[in-house]
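> Sharing a model prediction with you, sequence too.
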Amino acid sequence: LAHGIRVTDTKRILTSRKLVDRLGIEAEGAAYEFLEEIKQGIGRLEAATTMLAARLAPSGFLRRLPKQRPDDPAVFLFTSGSESAPKTVPLTHDNLIANVAASLEVLEPEAGDSLLGFLPPFHSFGLTGNVLLPVVAGIRSVRHADPTDARGLVRLIEIYRPTMLFTTPTFLGYILAACSGDELRSLKKIITGAERCPDATFAACRRLAPDATILEGYGITECSPVVAANRLNRVKAGSIGGPVRHVETIVVDPDTHEPVAAGATGMLLVRGRSIFKGYHRHDGPSPFVEAVGHTWYRTGDLVSADADGFFTFRGRLKRFLKAAGEMISLPALEEPFQRRFPPDDNGPRVAVEGIETPGGRHVVLFTTFDLPLRDASEILLADGLRGVMRLDQIHRLERIPVLGTGKTDYTSLRRLVTELHEAG
């Protein structure tokens with residue numbers, strides 16, 4: 001909060017006194033305006049006439065509101081910080097509306113559809129999918145404040161019978177683990193993003209929500225966020241789908257920015273209406289690059305595209321190490337353990353992180369349980385991983401650190417790898 005106030009020059013914070021009192025949040029440099037006090041200042045007559053004006057003469061009501069231009073910033077969001085310090089992302093009204101429209105084409109909502117929203121609105125996926133989309137499209141929605149409250153979410157699904165969920169694979173896994181019967185029978189469309197959806201989650205969903213289709217997609221805060229997604233009538237298992245409307249893509253060599261051959265892995269570049277114009281008060285390198293005569297946003301993600309236009313996510317460029325002239329994919333090392341030891345109610349059970357060192361590399365498997373290095377090495381060998389694709393250490397933690405979105409906090413793990421390496 002202090003960082004957000006400082007970089008955005010926020011002067012007022014609209015919130016609830018109960019929340020502030022409960023959490024004891026300080027807001028140095030900004031003043032609180034409490035909803036409870038604002039409500040007390042609104043008389044019944046004013047409330048009734050305002051409601052009638054909004055319902056009976058919405059055009060006149062809207063004309064009295066402050067004017068906004070499509071290219072004005074609508075919101076400041078912050079990158080997740082899973083791999084680096086958070087950066088401030090200004091998204092315009094046009095960015096967000098374009099992405100909502102594209103997302104509706106993916107969802108193909110029907111009159112009877114309803115949504116259970118529980119992703120935090122400070123996360124771009126939660127803001128667009130759980131807040132803006134249902135409001136703009138008029139989709140009935142139910143809200144729950146805690147995405148980690150799996151049992152509470154299962155109860156809400158059973159009671160309100162929503163047909164749609166926007167979620168991350170981690171939170172979806174929690175929900176499926178907390179389900180004991182047919183509580184999820186109403187679900188028809190489950191949209192997942194932010195991380196790869198494990199095969200075990202797909203299998204559990206087929207068993208517990210047999211009428212639901214999981215639409216796996218890919219998005220970035222800087223892109224409002226949806227960039228690619230599978231479609232209801234066009235799903236390819238293991239892929240993140242194809243580009244959504246208003247988004248152009250190209251896959252290039254990370255160093256030369258020249259397009260790669262069809263089917264080859266390269267870095268994804270994007271451009272279009274839903275892409276932001278640049279970070280707020282950022283003195284680092286530009287996030288944009290020039291390629292094939294256009295300016296593109298550099299995602300830093302590695303993908304491959306097949307002949308049908310489906311992307312397969314290959315990992316973050318930052319999550320590759322180079323040692324002895326070989327590229328080491330940390331996601332590829334992590335995947336066999338994620339498959340065998342999926343998350344439980346307490347969160348992720350395994351994670352792999354590593355660093356480049358003067359002598360080569362140091363790759364650590366973090367677990368929440370005892371696992372001998374020899375057994376872990378046999379798991380990698382069983383999946384065909386050998387040579388440089390090996391572990392240097394296993395370190396047990398009480399809990400794998402996660403961010404507010406449920407994603408593994410690799411920044412914290414990388415610091416811990418450095419400490420372990422320096423300690424010998």
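Great, that's in hand. Only a predicted model underlies this, so the values are computations on that prediction, with no experimental measurement involved.
> What are the boundaries of the helices in this structure?
2-8, 17-23, 35-40, 44-56, 58-63, 93-107, 124-125, 133-137, 150-160, 169-178, 199-208, 330-340, 373-382, 410-423 (DSSP state H).
> Just the CA atoms of the fourth one, as PDB, please.
What that stands for is helix 44-56. Backbone C-alpha positions of helix 44-56 (Å, rounded to 0.1, in the frame of the first residue of the first chain) are rendered in PDB as follows:
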ATOM      1  CA  ARG A  44     -33.200   8.500   2.000                       C
ATOM      2  CA  LEU A  45     -34.700  11.100  -0.400                       C
ATOM      3  CA  GLU A  46     -31.300  11.600  -2.100                       C
ATOM      4  CA  ALA A  47     -30.700   7.800  -2.300                       C
ATOM      5  CA  ALA A  48     -34.200   7.200  -3.800                       C
ATOM      6  CA  THR A  49     -34.000  10.000  -6.400                       C
ATOM      7  CA  THR A  50     -30.500   9.000  -7.400                       C
ATOM      8  CA  MET A  51     -31.600   5.400  -7.900                       C
ATOM      9  CA  LEU A  52     -34.600   6.400 -10.000                       C
ATOM     10  CA  ALA A  53     -32.500   8.700 -12.100                       C
ATOM     11  CA  ALA A  54     -30.000   5.900 -12.800                       C
ATOM     12  CA  ARG A  55     -32.800   3.500 -13.800                       C
ATOM     13  CA  LEU A  56     -35.200   5.700 -15.600                       C
END
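> hang on, the earlier thing: kindly compare burial across the helices of the chain and name the winner.
helix 124-125 (a mean of 27; mean count of other C-beta atoms under 10 Å). For the C-beta atoms, the positions are set from N, CA and C on the backbone; glycine is no exception.
> Check the offset of that one from the chain's centre.
Helix 124-125 has its average C-alpha position 6 Å from the chain's average C-alpha position, going by C-alpha atoms, centre = their mean, to the nearest Å.
> next one: stretch 123-137
13 Å.
> now do stretch 38-56
With C-alpha atoms, centre = their mean, you get 37 Å for stretch 38-56.
> Give me the average confidence score over that stretch.
In this model, stretch 38-56 has a mean pLDDT of 91.
> which residues touch it?
G60, F61 (C-beta atoms under 8 Å, 6 or more residues apart in numbering).
> Among the helices of the chain, which comes closest to F311?
helix 93-107 (14.2 Å; C-beta to C-beta).
> Please state the mean pLDDT value computed over that closest one.
pLDDT averaged over helix 93-107 gives 96.
> and if you look at stretch 142-162?
94.
> Is L403 in contact with L413, as I believe?
No - if you go by C-beta atoms under 8 Å, L403 and L413 don't touch, sitting 11.6 Å apart.
> and the helices of the chain as TSV, adding distance to I191?
Compiled in TSV, the helices of the chain are given as follows (distance: least, C-beta to C-beta, whole Å):
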stretch	distance to I191
helix 2-8	27
helix 17-23	28
helix 35-40	30
helix 44-56	30
helix 58-63	30
helix 93-107	7
helix 124-125	9
helix 133-137	10
helix 150-160	15
helix 169-178	10
helix 199-208	12
helix 330-340	21
helix 373-382	31
helix 410-423	24
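> who wins for proximity to A228 among these?
helix 93-107 (9.6 Å).
> Let me see the contact set for F122.
Counting by C-beta under 8 Å, 6+ apart, F122 has contacts L77, F78, G404.
> How about the backbone phi and psi for it?
Backbone torsions of F122, given as degrees, to the nearest 10, read phi -80, psi -10.
> any idea how far P86 is from it?
From F122 across to P86, the span is 11 Å (C-beta to C-beta, to the nearest Å).
> what touches both of the two?
With C-beta under 8 Å, 6+ apart, F122 and P86 have common neighbours F78.
> about what we covered before: return the members of the contacts of F122 classed as buried.
L77, F78 (16 or more other C-beta atoms under 10 Å).
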